[in-house]
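**Student:** 3D, please:
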Amino acid sequence: MLSPQSTETVRATLPAVGGAIGEITPLFYAKLFAAHPELERDLFNRGNQAAGDQPQALAGSIAAYATMLVEHPDVRPGAMLARIANKHASLGVTEAQYQVVHTHLFAAIVEVLGAAVTPEVASAWDELYWLMANELIALEAKLYQEAGLEPGDVWASMTVTGRQQQSPDAVSFTLRRTDGAPVGSFRPGQYVSVAVHLPDGARQIRQYSLSAAPGRDEWRITVKRDGEVSSWLHAELAEGGTVQVSHPFGDLTLDEAAGPLLLASAGIGCTPMIGMLDHLVRTGSDRRVLAVHGDRSAADHAHGEELAALTGQLPGATLHRWYEDGEGLVDLTGLELPADVRAYLCGPLPFMRAARAQLLDRGVPATAIHYEVFGPDLWLAGR
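**Tutor:** Residues are numbered from 1 along each chain as shown. Sure thing, here's the model as predicted:
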């Protein structure tokens, strides 16, 4: 926890820093990329940078962490840190990069706030930064250790063994390691990063959920055409092609206990749920499962037939579908929910916010509601 003196200083200056953080974070990224252009080209999502989403998400996470430390010093935002750590591990982030971030973040803070950054203020926020950074470094080191990997060494060449159109704008790829080694296991619900070299020479990375159960000889990902990397995969990655894929990470993983499940998704957010359902089928589960999915139409529903087939093979499963051209938006208010249900959400942020609010109103504890965010976590930034 923060020292008492730093706690008071951060509490006193949090309104000023929080009020300026929307100016600080874009300046930070400008300084970072000016000094290290390779990070913008080869590591960060330049689409999110251009749209301003990544600076907004960074601002939200810093503000959330600082607020938690001064208002609830004995509590840590574990879910937020776990999501960030898993994302960092999937990108191959290493400890040394936190010092690089520190240098340019604090330069931006000083430039924006000027004389207000006294030595006392600088020391307090420096302490807060390294508390957050060291928690993330420790979490990422544990993830690398559990995976049997050296920090940052997460990539392998994989060959496409199959390609299947799942909807007009979604295609799935099955993957095997190019070197012939086993693909390895993962936990249902996890994702991998995929790195591609684009025509302008940039190496861009995106995350995609594994859309089939572990324990197979291949991995499968499903990609919606939306952005420069996914568009490249749709246009260029054919059967027999190769691509760089990370070790699986992600903390939206299926609880192996015996309780009932709600698996709720919208759009391409169906992919981790398909992997979870496939796992439940392969392991002969008799858990009660409520599978919920929303989409624009039946024709747009990627893995629609597979979703119906998997739930049909589970004796305790029921399937509920909402299509905007018919039933409208997903509505959980009328579903019969077991008292001890554990909910998993994945899809566009407005869908997850609405679904989470409906579940909370129904009495489902916040600790029993889990969600996955792909791209910058704007949920935090908007709360």
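**Student:** in the stretch 1-150 of the chain, which spans are helices?
**Tutor:** Applying DSSP state H, counting those that start in this stretch to the stretch 1-150 of the chain gives helices spanning 4-35, 37-42, 46-51, 53-71, 78-91, 96-113, 119-147.
**Student:** give the buried residues for the second one.
**Tutor:** Taking 16 or more other C-beta atoms under 10 Å as the basis for neighbour counts, the residues of helix 37-42 that come out buried are 40, 41, 42. (C-beta placed from N, C-alpha, C; glycine too.)
**Student:** for residue 45, see how far away the nearest residue in space to the first one that is not next to it in sequence is.
**Tutor:** Spatially, and ignoring its direct neighbours in sequence, residue 40 is nearest to residue 33 (4.2 Å; C-beta to C-beta, 6 or more residues apart in numbering). Going from residue 33 to residue 45 by C-beta to C-beta, to the nearest Å gives 12 Å.
**Student:** next: residue 352.
**Tutor:** If you go by C-beta to C-beta, the gap between residue 352 and residue 45 works out to 20 Å.
**Student:** how about the chain, which residue sits the furthest from its center?
**Tutor:** residue 115 (37.4 Å; C-alpha atoms, centre = their mean).
**Student:** how much space between that residue and residue 127?
**Tutor:** As judged by C-beta to C-beta, residue 115 and residue 127 stand 21 Å apart.
**Student:** helix or strand with the lowest mean pLDDT in the chain?
**Tutor:** Across the helices and strands of the chain, the lowest-confidence element by mean pLDDT, DSSP states H and E is helix 378-381, at a mean of 47.
**Student:** residues contacting residue 308?
**Tutor:** Listed by C-beta atoms under 8 Å, 6 or more residues apart in numbering, the contact partners of residue 308 are residue 319.
**Student:** next, give phi and psi for it.
**Tutor:** phi -60, psi -40 (degrees, to the nearest 10).
**Student:** distance of it relative to residue 210?
**Tutor:** Distance from residue 308 to residue 210, by C-beta to C-beta: 20 Å.
**Student:** the top strand by length along the chain pairs with which strands, and in what direction?
**Tutor:** Determined from DSSP state E, the single longest strand within the chain is strand 155-167. Partners of strand 155-167 in the sheet, by DSSP bridges, are strand 170-177 (antiparallel), strand 242-246 (antiparallel).
**Student:** just the CA trace of the longest one, in CSV.
**Tutor:** Listed in CSV are the C-alpha atoms of strand 170-177, where the atom choice follows Å, rounded to 0.1, in the frame of the first residue of the first chain:
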residue,chain,number,x,y,z
ALA,A,170,-16.4,-14.0,-39.9
VAL,A,171,-14.0,-16.8,-40.9
SER,A,172,-12.3,-19.4,-38.7
PHE,A,173,-8.8,-20.7,-39.0
THR,A,174,-7.5,-24.0,-37.6
LEU,A,175,-3.8,-23.9,-36.7
ARG,A,176,-0.9,-26.3,-36.0
ARG,A,177,2.6,-25.5,-35.0
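**Student:** need the next SSE after it, C-terminal direction.
**Tutor:** Counting by DSSP states H and E, the next helix or strand C-terminal to strand 170-177 is strand 191-197.
**Student:** what does that following strand rub up against?
**Tutor:** With contacts defined as C-beta under 8 Å, 6+ apart, strand 191-197 is touched by 90-91, 154-155, 203-210, 219, 221, 229, 232-233, 237, 243-250, 272, 372, 374.
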